[in-house]
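1. Predicted model and sequence below, questions to follow.
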Amino acid sequence: MKRPNLAASPFLDVRPVWVTGGALAVVALTLTIVSLADLIAVRGREKSAAEALRQAQAKRAELVAQVQSRDRQLAAVAWKTLQLETGSLQVVVARRRLVWSQLLADLERVVPWDIRLVQITPKVDKTGAIQVDLEGLATGREAWLRLLAVLFTDSKFSDPLPRYEEAPSATNGKGYQFALTVRYWPEKRT
């Protein structure tokens, strides 16, 4: 006997559609959860970056206030007076750097035997350079020129500049007189 078909429509197998839909729903839910976790982590980093930015801005404002305060303090300084005081202090330090025994020993080392120094006058300028004015007597012009040559080549003296020279005459019976200025370097030339 033939069984009657009681179904109004033919049987359709929809199980694969439901399985695929369920799997897609699980994947969508998993991706949503991962995205939410990333969003929460990014929000946390954003908040910490915003806090760091706020702290940096507060530090900047504090530093700007300090700079403005220091600028006001510096504006109140009498720079001309300070410059004069430091300039005179530099001269004092340079004078202290001049050791007479060392200067005399260096002069004794370079001055030829036939020259007698009559006057030695060191001068210290504002930059700390030491100029030495020398006046003396020589047995002749050759001795005077030998002294100049030695001063040109020595490591502790430089730039000898003759100021005057006078040969022996009826009015000058002392001998060959000369005067010169030379730069002195206590620690050798730089």
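-> Structure received.

2. How far off centre is the host helix or strand of Arg70?
-> Here Arg70 sits within helix 15-75, counting by DSSP states H and E. The chain centroid and the centroid of helix 15-75 are separated by 41 Å under Cα atoms, centre = their mean, to the nearest Å.

3. Tell me which other helices or strands it touches.
-> Packed against helix 15-75, as judged by 3 or more Cβ pairs under 8 Å, 6 or more residues apart in numbering; DSSP states H and E, are no other helices or strands. Every residue, glycine included, has its C-beta placed from N, CA and C.

4. quick check: mean pLDDT across that helix?
-> Average pLDDT, helix 15-75: 92.

5. Please shift the residue numbers so they start at 814 in all later answers.
-> Happy to do that; since the first residue is 814 now, the last one works out to helix 828-888.

6. Quick check: which element contains Asp972?
-> strand 970-979.

7. quick one: contacts of that strand?
-> For strand 970-979, contacts defined as Cβ atoms under 8 Å, 6 or more residues apart in numbering pick out 919, 923, 946, 954, 957, 961, 964-965, 985, 989-998, 1002.

8. Domain parsing of the chain, as residue ranges.
-> 828-889, 912-997 (automatic domain parsing).

9. Tell me which of these sits most buried.
-> domain 912-997 (a mean of 15; mean count of other Cβ atoms under 10 Å).

10. Could you tell me the end-to-end distance of that domain?
-> Using Cα to Cα, to the nearest Å, the end-to-end distance of domain 912-997 comes out at 11 Å.

11. quick check: mean pLDDT across it?
-> Per-residue scores along domain 912-997 average to 86.

12. roughly how far apart are Leu866 and Lys860?
-> Going from Leu866 to Lys860 by Cβ to Cβ, to the nearest Å gives 11 Å.

13. Apologies, that question was intended for Val839.
-> 32 Å.

14. Could you do Leu897 as well?
-> For Leu897 relative to Lys860 (Cβ to Cβ), the value is 57 Å.

15. ditto for Glu955
-> Look at Glu955 and Lys860: by Cβ to Cβ, they are 91 Å apart.
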